[in-house]
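Colleague: curious how this folds, go ahead:
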Amino acid sequence: MPDTLVIIFFVALAAMLLTYIVPVGAFDTQEIAYVSDGVEKTRSVVDPESFRYQIDEQGNSVKQPVGLFEGGGGVGFFNFAFEGMTSGSKWGTAIGVIMFMLVIGGAFGVVMETGTIDNGILRLIDKTRGNEGLFIPVIFTLFSLGGAVFGMGEEAIAFAIIICPLMIRLGFDGITTVMVTYVATQIGFASSWMNPFSVAIAQGIAGIPVLSGAGVRGLLWAGFTLMGIIFTMRYGAKIRKQPQLSYCYQSDQYFRDHQSSASLESRFNLGDILVLLTILSAVVWVIWGVVTQAWFIPEIASQFFTMGIIVGVIAVIFRLNGMTVNRIATSFKQGATTMLEPAILVGCASGILILLGGGKPTEPSVLNTLLSGAGSVIGQLPAVFSAWFMLLFQSVFNFFVTSGSGQAALTMPLMAPLADIVGVSRQVAVLAFQLGDGFTNVLVPTSASLMATLGVCRVDWGAWLKFIWRFMLALFIVSSVVVVTAHYLGFN
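Modeller: You can find the predicted model right below:
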């Protein structure tokens, strides 16, 4: 499967070619009033009935073909990466979102460097031994929370290596390990109220307040997490009674033959408790700021930057992982580095929008023409079916682009204004994106993190497919109900 950046490059090439074929057009916008937290507000949206082609003096529709390169600040094909990365403002796409990602990544890089998250997980595993009935719900909830709060995903691979032999010893199997680690993170990732790699980016691109709708999404996270716990516990109970029913019984023999007394001893002291309290306080503080003070990307990034500094100071005082002032700086830079790849994807994908003429509905562009065409097709359907098709589209598209931030950058510039045209709120469009993107990560073989977790647990993807398709189907059905219900209830 080609890299996401390769896909973006060829999508950009296709966008350039479209400018030679598709004439440009524009919409009018209109102000709509809505009530949020008891306060009436207004928002500018596209008037779907106002589309018109740009016409020259002879009455012919106008095309605006993009060349290979343009000087003087113009837009050519080979300008798209730089222009995309530097477009927008600190309040949104792309430069604002990119800087937001780097600051958030750096802050959580400091958090991860303290070792508190790792040691907390190991300590909980240790505490639940002998109480196997609590093992699955506690570990599943913890990893789901990690996916929801800071986009945990790849980190599950390392924990799966530790946890899998313990699960086998407790009478479970490798598949149960994948469920309580990687799948749990993706449940949290998909239903998150604040995931900086997914919902936060999508909301920023869609032009709606970052972390808005957190209350509804928090309830969804709890519901989907409970759903995953119940499914996993039922499967785990069946395997403990009859191990031969496991889809990976043969491959689990490796762990049965190499059982060890792996130690779960880990440090967890007052410093670790203070770190966790700081993270919790920061999350609550940010939610308060968004809800009551209308904080957006700059303010939210600043709060998490402050959280990173406080966590670093605590780590230095309590010598967590031998933390020093220089290591605070190093871990911040390393954390920000982990966000460079998705940041580049966001910037380059924004460049595609520029090749198509930009995202302003009132200025003639190829994108407006494409939106009008898509809207005329989808618009023939009731708005509720349009919302559901957005979920279906995002679920299928995730096979090709498994990066949450990359998918947000590619699809939300199209889905957000399309939602305006077909009568679906942008909040519902973001919800369809995050559910479609996140949940299919537990199935598609193009997900490197899934395949790596399956690999360390020695679970063949074919065996995994035989197991997971039922859960995946259940997730899609419930997600469909959620999106449809959110539309009918006016989630905005």
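Colleague: isn't residue 239 right next to residue 248, touching?
Modeller: No. In this structure, residue 239 is not within contact of residue 248 by CB atoms under 8 Å, at 9.7 Å. Every C-beta, even on glycine, is put in place using the N, C-alpha and C of the backbone.
Colleague: pull up the overlap in contacts between these two.
Modeller: Counting by CB atoms under 8 Å, 6 or more residues apart in numbering, the common neighbours of residue 239 and residue 248 are residue 173.
Colleague: OK, contacts around the residue most central in space within the chain?
Modeller: With distances taken as CA atoms, centre = their mean, residue 198 lies nearest the centre of the chain, 2.3 Å away. Residues counted as contacts of residue 198 (CB under 8 Å, 6+ apart) are 151, 189-190, 192, 404-405, 408, 433-434, 437-438.
Colleague: distance of it from residue 292?
Modeller: Applying CB to CB, to the nearest Å, the value for residue 198 to residue 292 is 24 Å.
Colleague: with residue 304 instead?
Modeller: Residue 304 is 18 Å from residue 292, by CB to CB.
Colleague: same check, this time on residue 254
Modeller: 54 Å.
Colleague: likewise residue 331?
Modeller: With CB to CB as the criterion, residue 331 and residue 292 are 32 Å apart.
Colleague: so between the two, which is more surrounded?
Modeller: residue 331 (25 against 9; other CB atoms under 10 Å).
Colleague: any idea which element that one lies in?
Modeller: Secondary structure assigned from DSSP states H and E places residue 331 in helix 325-338.
Colleague: got it, and residue 28?
Modeller: strand 25-36.
Colleague: can you check residue 187 too?
Modeller: Per DSSP H and E, residue 187 falls inside helix 184-191.
Colleague: now residue 301: closest residue in space, sequence neighbours ignored.
Modeller: residue 103 (4.3 Å; CB to CB, 6 or more residues apart in numbering).
Colleague: hmm, the one you found is touching residue 300, no?
Modeller: No. Counting by CB under 8 Å, residue 103 stays clear of residue 300, with 9.1 Å between them.
Colleague: on the three-state scheme, residue 51 is what?
Modeller: Secondary structure of residue 51, reduced to three states by DSSP: H, G, I helix; E, B strand; the rest coil: strand.
Colleague: now swap in residue 429 and tell me
Modeller: Judged by three-state DSSP, the three-state class of residue 429 is helix.
Colleague: over to residue 282?
Modeller: Put simply, residue 282 is helix when judged by three-state DSSP.
Colleague: which residue is the nearest non-sequential neighbour of it?
Modeller: residue 307 (3.8 Å).
Colleague: give me the pLDDT for the one you found.
Modeller: The model reports residue 307 with a pLDDT of 95.
Colleague: assumed residue 399 was part of a strand.
Modeller: No. Looking at residue 399 with three-state DSSP, it is coil, so not inside a strand.
Colleague: measure it to residue 337 for me?
Modeller: For residue 399, the distance to residue 337 (CB to CB) stands at 28 Å.
Colleague: kindly report the same for residue 179.
Modeller: Distance, residue 179 to residue 337, using CB to CB: 30 Å.
Colleague: cool, and residue 389?
Modeller: Applying CB to CB, the value for residue 389 to residue 337 is 37 Å.
Colleague: for these two, indicate the residue with more neighbours.
Modeller: Ranked by neighbour count (other CB under 10 Å), residue 389 and residue 337 place residue 389 first, with 17 against 13.
Colleague: host element of that one?
Modeller: Using DSSP H and E, residue 389 sits in helix 383-397.
Colleague: what separates that helix from the chain centre, distance-wise?
Modeller: Centroid separation between helix 383-397 and its chain, computed with CA atoms, centre = their mean, to the nearest Å, is 17 Å.
Colleague: mind listing residues that contact it?
Modeller: 378-379, 381, 407, 410-411, 415, 419, 422-424, 428-429, 432-433, 435-437, 439-440, 476, 479-480, 483-484, 486-488.
Colleague: switch to 6 Å and redo it
Modeller: Contacts with helix 383-397, where a contact means CB atoms under 6 Å, 6 or more residues apart in numbering, come from 378, 422-424, 428-429, 432-433, 436-437, 440, 480, 483-484, 487.
Colleague: now intersect these with the helices, please.
Modeller: 378, 422, 428-429, 432-433, 436-437, 480, 483-484, 487 (DSSP state H).
Colleague: pLDDT-wise, what's the bottom of those residues?
Modeller: Least confident entry in these, by pLDDT: residue 378, with 72.
Colleague: what about the helices in the stretch 51-200 of the chain?
Modeller: With DSSP state H, counting those that start in this stretch as the criterion, the stretch 51-200 of the chain has helices at 80-85, 95-113, 116-128, 132-150, 155-169, 174-178, 184-191, 199-206.
Colleague: so which elements touch the shortest one?
Modeller: What it means is helix 174-178. Helix 174-178 is packed against helix 155-169, with contacts defined by 3 or more CB pairs under 6 Å, 6 or more residues apart in numbering; DSSP states H and E.
Colleague: before we move on, the earlier item: and the helix holding residue 187, which residues are buried?
Modeller: For helix 184-191, burial by neighbour count (16 or more other CB atoms under 10 Å) applies to 184-191.
Colleague: do the same with stretch 476-491
Modeller: Of the residues in stretch 476-491, those buried (16+ other CB under 10 Å) are 476, 478-480, 482-484, 486-487, 491.
Colleague: how far off centre is that stretch?
Modeller: Distance of stretch 476-491 from the chain centroid (CA atoms, centre = their mean) equals 19 Å.
Colleague: kindly report the same for stretch 135-153.
Modeller: 14 Å.
Colleague: repeat for stretch 214-227
Modeller: 15 Å.
Colleague: over to stretch 469-480?
Modeller: 18 Å.
Colleague: likewise stretch 392-403?
Modeller: Worked out by CA atoms, centre = their mean, stretch 392-403 lies 12 Å from the chain centre.
Colleague: before we move on, back to that, residue 374: which of the buried residues of helix 184-191 is nearest?
Modeller: Nearest to residue 374 among the buried residues of helix 184-191: residue 190, at 24.7 Å, using CB to CB.
Colleague: hmm, the closest one is touching residue 436, no?
Modeller: No. If you go by CB atoms under 6 Å, residue 190 and residue 436 don't touch, sitting 8.3 Å apart.
Colleague: would you mark the buried spots in stretch 395-413?
Modeller: 395, 397-398, 401-413.
Colleague: tell me which of the residues you listed fall in strands.
Modeller: The strands, defined by DSSP state E, take in nothing from the buried residues of stretch 395-413.
Colleague: what's the burial count for the nearest residue to residue 423 once chain neighbours are set aside?
Modeller: Among residues not flanking residue 423 along the chain, residue 383 sits closest, at 4.0 Å (CB to CB, 6+ apart). Using other CB under 10 Å, residue 383 is surrounded by 17 other residues.
Colleague: so what pLDDT did residue 383 get?
Modeller: pLDDT, read off for residue 383, is 87.
Colleague: report the separation between it and residue 445.
Modeller: 34 Å.
Colleague: what of residue 220?
Modeller: Going from residue 220 to residue 445 by CB to CB gives 27 Å.
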